[in-house]
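Asker: here's my sequence, what's the structure:
(chains A and B, ligands or ions: 2)
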Amino acid sequence: MTTKLMGQGVQRVEDQRFLRGHGRYVDDVAVDPATLHAAVLRSPHAHARILDVDVDAVLDLEGVHLVWTHEDLAGLSAPMADPLPLLIPHPTLTHGRTQHALAAGEVNYAGEAVAFVVADDRYVAEDALDRIRVTYDVLPPVVGIEAARAADRLVHDDVPGNVAARMVQETGDAPAAIAAAPHRLALDLTVERSASTPLEGRGTVARWDPDVGRLTVWTSTQSSTGVRAAVAVKLGLDLGQVDVITPDVGGGFGVKINHPWPEELLVPLAARALGRTVKFTEDRREHFVSSAHERGQVHHVEVGFDDDGRLLGLDVEFWHDHGAYIPYGLIVPIITSTQLLGPYKPAVYRVAFESLYTNTVMVTPYRGAGRPQGCFVMERTMDAIARYLGKDRAEVRAANFIQPDEFPFDQGLVFQDGRELEYDSGDYPASLEKIKTLIGWDDFPTFRKAMAEQGRRVGIGLACYVEGTGVGPYEGAHVHVETTGKVKVATGLTTQGQGHATVFAQLVADELGVRFEDVEVVTGDTRRMPYAVGTFASRAAVMSGSAIHLAATRTREKVLRIAAEALEADEQDLEIVDGVVSVKGSPGTSLDLGTIAVLSNPLRYAFDEASKAATQFSVGDPGRPPVPEDDEPGLEGRDFYSPERATFASGMHAVIVETDPDAAEVRILKYAVVHDCGRLINPMIVEGQIHGGVAQGVAGALYERMVYDEAGQLQNASFMDFLMPYATEIPDGIDIDHLETPSPLNPLGIKGAGEAGVIPSAAVFAAAIEDAERIPITAMPISPSELFHLRQEHTR
Amino acid sequence: MTEELHDVRLDVNGTAYDVRVPARRLLSDALRHDLGLTGTHVGCEHGVCGSCTVLLDGAPVRACLVLAVSVSGQRVTTVEGLTRPDGSLGPVQQAFAECHGLQCGFCTPGFLTTITAGLRDNPAPTHDEAREMVAGNLCRCTGYQNIVRAVERAAELAATEGRP
Ligand code: FES
Ligand code: FES
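Answerer: Ligands and ions are numbered 1, 2, ... in the order given. Model prediction:
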């Protein structure tokens, strides 16, 4: 038996091309002088009516091939003139509004697409943009949650109160339970806007082949199949005429899940209109002002509890700033409203939120997707209860945990996927023990004392989370054994650096008994797997991992069936090792997978030595047709995995910080993570995900925010001003411990791991800074100057 | 309006390329679009992220802040030039593979060139110096832990081989 690869830190196969500079990101496709380049004219105003767009001066510019405004679109394809789709409708989303591919008479954020130019290169296309004259009637904008709630001005004239949706969920009468509780607290908590900010921005390339009437689109997306469907509908093509390929993607973190972006439609439309390959590559400023942000929410909490800190009633109301449009629906606030419960079980819970329009960039999920805010709310509440009761913060948490014998645990709410919020498995008390040990929770008072003697101020924080991962509806996989014995695997979801080519190959190698090196995985290519959903919500390993495992199992069954016939042996007596099927105990009787692949396809042509050898066998009963009724030619397996509900990963983070007494700078002394994502496929990759998540968490807690002025102008739309952490801002060393509570919902027992690192960061830093400073921390991120001002307020 | 074009000879990874480009053509764009060397990545085009870092006569520079016409006569090394002639990985590349120093791989070329130059100047960095060496490049995926380990591992590999 070969050693199982599941659970091993196998080095990544994709690294070879990345390390040699041979990665193929969208902008690396169609690098030839014949390719045309697109650029987009974007609104300089946050809110304005467009009175006139004059493009006359553009077309005489040498090298310009076309310029379009909204007026041109209907003539090219009728659906192009309609608003972009509202991807995820919801009954409570009563006032959904989406933008047009090019603004139709009104702009609602600075950065909204107004006109589209295609030219010989991007330099010329940008020159052309400078020549377009737009006359705007500038309107006062709505910026920030306070202004949206005040509703003195409206973002959309026909949306009263700027409210797109109001949603309430409850498990009983929380206000009554709170009123009756022995103790009560109220808190107001704020999280500011940040964004995914992958290093590769958005990009799309399209090529129309008039000979066969087919469109090929390469795009940097988290959902190739989604883009494919959108392009087909909007361009008036059959789905079968559109292929979407997602090559290497330079990070996504949620922002690339929205589809279609205006450019994902305009580029293919231009490619068809011009009969030339057209490319759009976003620049960094465009990414800031025209893709998507997240996180901006204001929360009000009322909580009632007993002497042990047990939650008797929890009532949360919050306001979510989703920007100017809401194409991705209510996913983020629904997640906050449900996932804020974390590992706890309040006796009664009520949550209400409003999703509000503002004249700013729209929102799509950003790694963690509403959970960092939810975790911040719940963990701040736990800390407040502990402070109020004078109890240890870990103890108050432990008093509220769902216990290991209570799984599956139904929280009595509806989750983002429309299914019950039912946790599958977990062991929160065990996690708490681990994190306390890892961070040195019980020794901290001694450490604090020693530091205080040196005049140093330190604090410790702890935060727990639960993450619904691996949401449906499904993913599929196709496994194909070539006549060379190589195994080609395709799954439809995309890859943005998570090492899918490696982990999925591990699963196939294990199930099929082939060498890891002989497995090649393709993701995000609709030609290879047209049925797929996408890579988000930490779902790839659970969904595609399971589908690939099932498809490999099917393939294995076929391998054994054919081999058994050819070797005249019983299937039970066969084993597959390193791509060779043999009868256990008699190694002389064997066939390799390539030969079986030839046998699976009863073509009697000997193309090469392998097929010559294979055709020596007579397969099956000569009295039956060569391909029996219940069979297919070819050594392949295809299968789909569709779970009943999400699987719930969980974890806890702890941090020790030091705050500078003068400069109010926050230094990270120690960071610890306990993480449970069920069974690990590749621990090296999981740890990498945690590292990256923690870095984004630190960023969100201490540095990153979108700074809008009153006019709705984003003031920090560059890497110079939006502070993404370098190595120097990230803890030097992160202590990680794993817990594995397998999920009963899928064949491999796995849960997702992609977002965990980022969920508790704002909460854990707020706790540690509060502990160091003895000042309530209620808003994140927190900069040194904000901490400085808080100190001044509290000494007054 | 026709743009004036300039003939430039670019010496990249030991090969001479003759290109005709406008004066405003960035080196990063010339490498990628005129020479087809797409290993050099553009993450910001304003000199902050470091993804476009190449070596100019051995010294790291941001290719997005340099005009192609200005590097005539200088030796340019891109990530494609870090692989050995026999196709095997150089020590910095090898260290990244071993230490899982990359995820999406977009920032990676900039880190590889930066570290190659860094280790030439300081072949045996301390842990703090290793962190410092990569502190001018952004990575959104890895959280840097494994990149710093890769710097240390690359130093080891280079030392056993006797060359960076
Ligand atoms: S692309 Fe040159 S530094 Fe970012
Ligand atoms: S590996 Fe993705 S940005 Fe560094």
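Asker: so how far is stretch A:250-270 off the chain centroid?
Answerer: 15 Å (C-alpha atoms, centre = their mean, to the nearest Å).
Asker: kindly apply the preceding question to stretch A:375-386 instead.
Answerer: Here the centre of stretch A:375-386 is set off from its chain's centre by 26 Å, with C-alpha atoms, centre = their mean.
Asker: also stretch A:297-307?
Answerer: Remark: stretch A:297-307 is offset 29 Å from the chain centroid, using C-alpha atoms, centre = their mean.
Asker: same check on stretch A:392-406?
Answerer: 29 Å.
Asker: again with stretch A:725-732
Answerer: That offset, for stretch A:725-732, works out to 23 Å (C-alpha atoms, centre = their mean).
Asker: give me the distance between the two termini of it.
Answerer: Criterion C-alpha to C-alpha, to the nearest Å; first-to-last residue distance in stretch A:725-732 is 13 Å.
Asker: how about that stretch against chain B, any contact?
Answerer: Yes. Using C-beta under 8 Å from any C-beta of the partner chain, we find that stretch A:725-732 touches chain B at A:726, A:727, A:728, A:730, A:732. For every residue, glycine as well, the C-beta is placed using N, CA and C.
Asker: closest residue of the stretch 401-550 of chain A to ligand 1?
Answerer: Closest to ligand 1 within the stretch 401-550 of chain A is residue A:497: 17.8 Å, counting by C-beta to the nearest ligand atom.
Asker: what about that residue, neighbour count?
Answerer: Close neighbours of residue A:497, defined as other C-beta atoms under 10 Å in any protein chain shown, add up to 28.
Asker: can you tell me which residues contact it?
Answerer: A:249, A:250, A:251, B:102, B:103, B:104, B:105, B:106, B:141 (C-beta atoms under 8 Å, 6 or more residues apart in numbering or on different chains).
Asker: secondary structure, neighbour count and pLDDT added to the residues of stretch A:725-732 next to chain B, as JSON lines?
Answerer: Putting the residues of stretch A:725-732 next to chain B into JSON lines (DSSP: H, G, I helix; E, B strand; the rest coil; neighbours: other C-beta atoms under 10 Å in any protein chain shown; pLDDT from 0 to 100) gives the following:
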{"residue": "A:726", "secondary structure": "coil", "neighbour count": "19", "pLDDT": "96"}
{"residue": "A:727", "secondary structure": "helix", "neighbour count": "24", "pLDDT": "96"}
{"residue": "A:728", "secondary structure": "helix", "neighbour count": "12", "pLDDT": "94"}
{"residue": "A:730", "secondary structure": "coil", "neighbour count": "25", "pLDDT": "94"}
{"residue": "A:732", "secondary structure": "coil", "neighbour count": "16", "pLDDT": "94"}
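Asker: can you pick out the most distant pair from those?
Answerer: A:726 and A:732 (12.4 Å; C-beta to C-beta).
Asker: rounded mean pLDDT for stretch A:131-145, please.
Answerer: Mean pLDDT, stretch A:131-145: 97.
Asker: would you mind measuring the gap between the ends of it?
Answerer: One end of stretch A:131-145 sits 36 Å from the other (C-alpha to C-alpha).
Asker: list the buried residues in that stretch.
Answerer: Residues A:131, A:132, A:134, A:136, A:139, A:141, A:142, A:143, A:144, A:145 are the ones in stretch A:131-145 that count as buried (16 or more other C-beta atoms under 10 Å in any protein chain shown).
Asker: which other helices and strands does the least confident helix or strand in chain A by mean pLDDT contact?
Answerer: The helix or strand of chain A with the poorest confidence is helix A:609-614; it has a mean of 71 (mean pLDDT, DSSP states H and E). If you count contacts as 3 or more C-beta pairs under 8 Å, 6 or more residues apart in numbering or on different chains; DSSP states H and E, helix A:609-614 packs onto helix A:593-599.
Asker: now for the helix it packs on, which elements pack on it?
Answerer: Partner elements for helix A:593-599 (3+ C-beta pairs under 8 Å, 6+ apart): strand A:475-481, helix A:540-567, strand A:580-583, helix A:609-614.
Asker: which SSE is immediately downstream of the longest one?
Answerer: Toward the C-terminus, helix A:540-567 is succeeded by strand A:574-577 as the next helix or strand (DSSP states H and E).
Asker: ok, now the first one?
Answerer: Counting by DSSP H and E, the element after strand A:475-481 in chain order, helix or strand, is strand A:487-491.
Asker: neighbouring strands of that next one in the sheet, and parallel or not?
Answerer: strand A:475-481 (antiparallel), strand A:519-523 (parallel) (DSSP bridges).
Asker: out of everything not next to it in sequence, what's closest to whichever residue of chain B sits closest to chain A?
Answerer: The minimum distance from chain B to chain A, using C-beta to the nearest C-beta, falls at residue B:39 (2.1 Å). Spatial nearest neighbour of residue B:39, excluding adjacent residues (C-beta to C-beta, 6 or more residues apart in numbering or on different chains): residue A:21 at 2.1 Å.
Asker: ok, residues contacting the helix with the most length in chain B?
Answerer: Longest helix in chain B, counting residues (DSSP state H): helix B:145-161. Under the contact criterion C-beta under 8 Å, 6+ apart, helix B:145-161 has outside partners A:688, A:691, A:727, A:730, A:732-734, B:91-92, B:94-96, B:98-102, B:111, B:115, B:118-119, B:123-125, B:127, B:130-131, B:133-134, B:139, B:164.
Asker: pretty sure residue A:579 contacts residue A:482?
Answerer: No. Under the criterion of C-beta atoms under 8 Å, residue A:579 makes no contact with residue A:482, lying 11.1 Å away.
Asker: more neighbours: these two, which one.
Answerer: Between residue A:579 and residue A:482, residue A:579 has the larger neighbour count (other C-beta under 10 Å), namely 21 against 15.
Asker: distance of that one relative to ligand 2?
Answerer: 32 Å (C-beta to the nearest ligand atom, to the nearest Å).
Asker: could you export the helix or strand containing residue A:674 as CSV, CA atoms only?
Answerer: Applying DSSP H and E as the criterion places residue A:674 in strand A:666-676. C-alpha atoms of strand A:666-676 as CSV (Å, rounded to 0.1, in the frame of the first residue of the first chain):
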residue,chain,number,x,y,z
VAL,A,666,0.3,49.0,19.3
ARG,A,667,3.0,46.3,19.2
ILE,A,668,2.2,42.6,18.9
LEU,A,669,4.2,40.5,21.4
LYS,A,670,2.6,37.1,20.8
TYR,A,671,-0.2,35.8,18.6
ALA,A,672,-1.8,32.4,18.9
VAL,A,673,-4.3,30.5,16.9
VAL,A,674,-6.3,27.3,17.6
HIS,A,675,-8.0,26.1,14.6
ASP,A,676,-10.4,23.3,13.8
